[in-house]
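Undergrad: need a structure here:
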Amino acid sequence: MGKTFGERVAGYAGRHVERYAWAGCAVAATGFALVSGPVPHRMWGWSAGAGYALAAFLSSGPAPRRAARAVAVAGAVVVPLVVLVAAGLGQSEVAVVERSGRLLVAGGSPYLTAPSAVADFNPYLPGMALFGVLPGDPRWWLGGTFVVSLAAARPCRVGPLLACPLVALPLAVGGVDLPVAGLMCLGLALAGRGQPGGAGLA
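TA: Below is the predicted model:
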């Protein structure tokens with residue numbers, strides 16, 4: 001059964017809104033790459049800018065909207081994350097989480113007893129050290145926890161949200177805030193469903 005006139009109009013309008021949204025993200029990410037100092041930020045900006053620009057181009061043609069969204073996620077999250085992890089580059093909190101995990105395993109506490117420099121301080125609660133205990137770069141686990149939490153909370157489609165620069169950038173370069181936000185969303189969702197035990201655990 002074919003789409004009604006109203007459905008076709010809504011789809012056309014939605015496609016154009018999405019095209020301009022991706023184009024705006026491309027401009028913002030490229031500008032960020034031009035003005036930002038840290039190398040991981042610049043690398044993310046160039047990759048994300050290219051992904052968003054291609055997503056805007058795909059949104060202008062007959063390609064399915066999910067194809068444009070997949071390209072945006074690939075350019076803004078997957079490619080920069082893989083490249084940065086392979087190169088051992090990231091924001092300082094990645095090293096803090098890794099060190100806190102080693103300290104937790106070695107001595108039972110994720111904190112240095114006598115920190116002497118700014119980089120020696122661990123500003124996170126003890127639970128964050130668990131991401132440093134797990135194998136591999138903590139960003140995989142931090143991002144995975146965020147995605148799984150949002151998927152369980154079911155607030156919206158996770159894919160387009162991951163492509164948003166406010167999520168994609170921290171996911172690729174640091175990621176420590178994302179599992180906290182994801183678990184908070186999950187806790188609220190479970191509380192709203194009348195599951196106080198799960199909400200409290202989240």
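
Undergrad: who are the packing partners of the helix or strand encompassing residue 131?
TA: Following DSSP states H and E, one finds residue 131 within helix 130-133. When contacts are defined as 3 or more C-beta pairs under 8 Å, 6 or more residues apart in numbering; DSSP states H and E, helix 130-133 packs onto helix 92-107, helix 138-153. Any C-beta I mention is one placed from the backbone N, CA and C, and that applies to glycine too.

Undergrad: buried ones in the last one?
TA: Spelled out, that is helix 138-153. The neighbour-count check on helix 138-153 (16 or more other C-beta atoms under 10 Å) flags 138, 139, 141, 142, 143, 144, 145, 146, 147, 149, 150, 153 as buried.

Undergrad: closest one to residue 52 among the helices and strands packed on helix 130-133?
TA: Nearest of the helices and strands packed on helix 130-133 to residue 52, taken as C-beta to C-beta: helix 138-153 at 18.9 Å.

Undergrad: could you check how far the most centrally placed residue in the chain is from residue 91?
TA: Using C-alpha atoms, centre = their mean, the residue of the chain that lies closest to the mean C-alpha position is residue 171, 3.3 Å off. Distance, residue 171 to residue 91, using C-beta to C-beta, to the nearest Å: 11 Å.

Undergrad: number of nearby residues for the closest residue to residue 31 other than its chain neighbours?
TA: Excluding the flanking residues, the one nearest residue 31 by C-beta to C-beta, 6 or more residues apart in numbering is residue 45, at 7.7 Å. Counted with other C-beta atoms under 10 Å, the neighbours of residue 45 add up to 23.

Undergrad: buried stuff in the particular helix or strand that has residue 45 in it?
TA: Element membership of residue 45, judged by DSSP H and E, is helix 39-59. Within helix 39-59, the residues scored as buried using 16+ other C-beta under 10 Å are 40-41, 43-59.

Undergrad: quick one: that helix to chain centroid distance?
TA: Centroid separation between helix 39-59 and its chain, computed with C-alpha atoms, centre = their mean, to the nearest Å, is 14 Å.

Undergrad: next, the angle from that helix to helix 92-107.
TA: Interaxial angle, helix 39-59 versus helix 92-107 (axes from the mean of the first three to the mean of the last three C-alpha atoms, to 10 degrees): 120 degrees.

Undergrad: can I get the host helix or strand of residue 162 in PDB, CA atoms only?
TA: Per DSSP H and E, residue 162 falls inside helix 158-163. Output of helix 158-163 as PDB, limited to C-alpha atoms (Å, rounded to 0.1, in the frame of the first residue of the first chain):
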ATOM      1  CA  VAL A 158      20.500   5.300  19.400                       C
ATOM      2  CA  GLY A 159      22.200   5.600  16.000                       C
ATOM      3  CA  PRO A 160      21.400   9.300  15.300                       C
ATOM      4  CA  LEU A 161      22.200  10.200  18.900                       C
ATOM      5  CA  LEU A 162      25.700   8.600  18.600                       C
ATOM      6  CA  ALA A 163      26.400  10.800  15.600                       C
END
